[in-house]
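Colleague: no sequence for this one, just the structure:
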């Protein structure tokens with residue numbers, strides 16, 4: 001997200017010059033990050049459910065091998081999506097604050 005904010009500094013400065021406040025900039029960066037994170041989580045969850053649900057796996061080795069079955073339930077999928085949202089929020093918060101604090105003159109000269 002730092003790279004996204006850096007590459008879009010002129011666009012962000014233009015929005016600030018048009019009257020968007022710091023909260024609007026932070027909200028847009030966080031919304032973009034959460035959208036990307038949740039799309040990736042949904043795609044990964046769908047692939048995991050289609051490819052691995054019901055597969056038998058072995059854990060351990062030697063005489064203490066445990067064989068279990070992978071079951072992907074809706075509650076596990078929701079838990080995964082919630083974790084993804086939290087990680088996406090944590091990863092977007094600091095770049096979003098940085099984007100909101102960009103100096104207009106410096107950001108507009110970045111081209």
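Modeller: The structure has been received and is ready for your questions. Predicted model only: the values in this text are computed from it and were never measured. Numbering: from 1, shown residues only.

Colleague: next SSE downstream of the longest helix anywhere in the chain?
Modeller: The longest helix of the chain (DSSP state H) is helix 22-52. On the C-terminal side of helix 22-52, the nearest following helix or strand under DSSP states H and E is strand 56-59.

Colleague: that following strand - contacts with which helices or strands?
Modeller: strand 66-69 (3 or more Cβ pairs under 8 Å, 6 or more residues apart in numbering; DSSP states H and E). The way it works is simple: take the backbone N, C-alpha and C, and place the C-beta from them, glycine included.

Colleague: the strand it packs on pairs with which strands, and in what direction?
Modeller: When pairing is defined by DSSP bridges, strand 66-69 lines up against strand 56-59 (antiparallel).

Colleague: list the buried ones in the lowest-mean-pLDDT helix or strand in the chain?
Modeller: Within the chain, no helix or strand scores below helix 104-108, which has a mean of 73 by mean pLDDT, DSSP states H and E. Across helix 104-108, burial judged by 16 or more other Cβ atoms under 10 Å covers 107, 108.

Colleague: quick one: that helix to chain centroid distance?
Modeller: 27 Å (Cα atoms, centre = their mean, to the nearest Å).

Colleague: show me the shaky parts of this structure.
Modeller: 61-64, 110-111 (pLDDT under 70).

Colleague: which strands and helices lie in contact with the longest helix of the chain?
Modeller: helix 2-7, helix 9-17, helix 74-100.

Colleague: which among the ones you listed is found nearest to residue 43?
Modeller: Nearest of the helices and strands packed on helix 22-52 to residue 43, taken as Cβ to Cβ: helix 74-100 at 10.9 Å.

Colleague: quick one, that closest one and helix 22-52 angle?
Modeller: 150 degrees (axes from the mean of the first three to the mean of the last three Cα atoms, to 10 degrees).

Colleague: setting aside sequence neighbours, what's the nearest residue to residue 34?
Modeller: The spatially closest residue to residue 34, leaving aside those adjacent along the chain, is residue 88, at 4.9 Å (Cβ to Cβ, 6 or more residues apart in numbering).

Colleague: what is the neighbour count of the one you found?
Modeller: If you count neighbours by other Cβ atoms under 10 Å, residue 88 ends up with 21.
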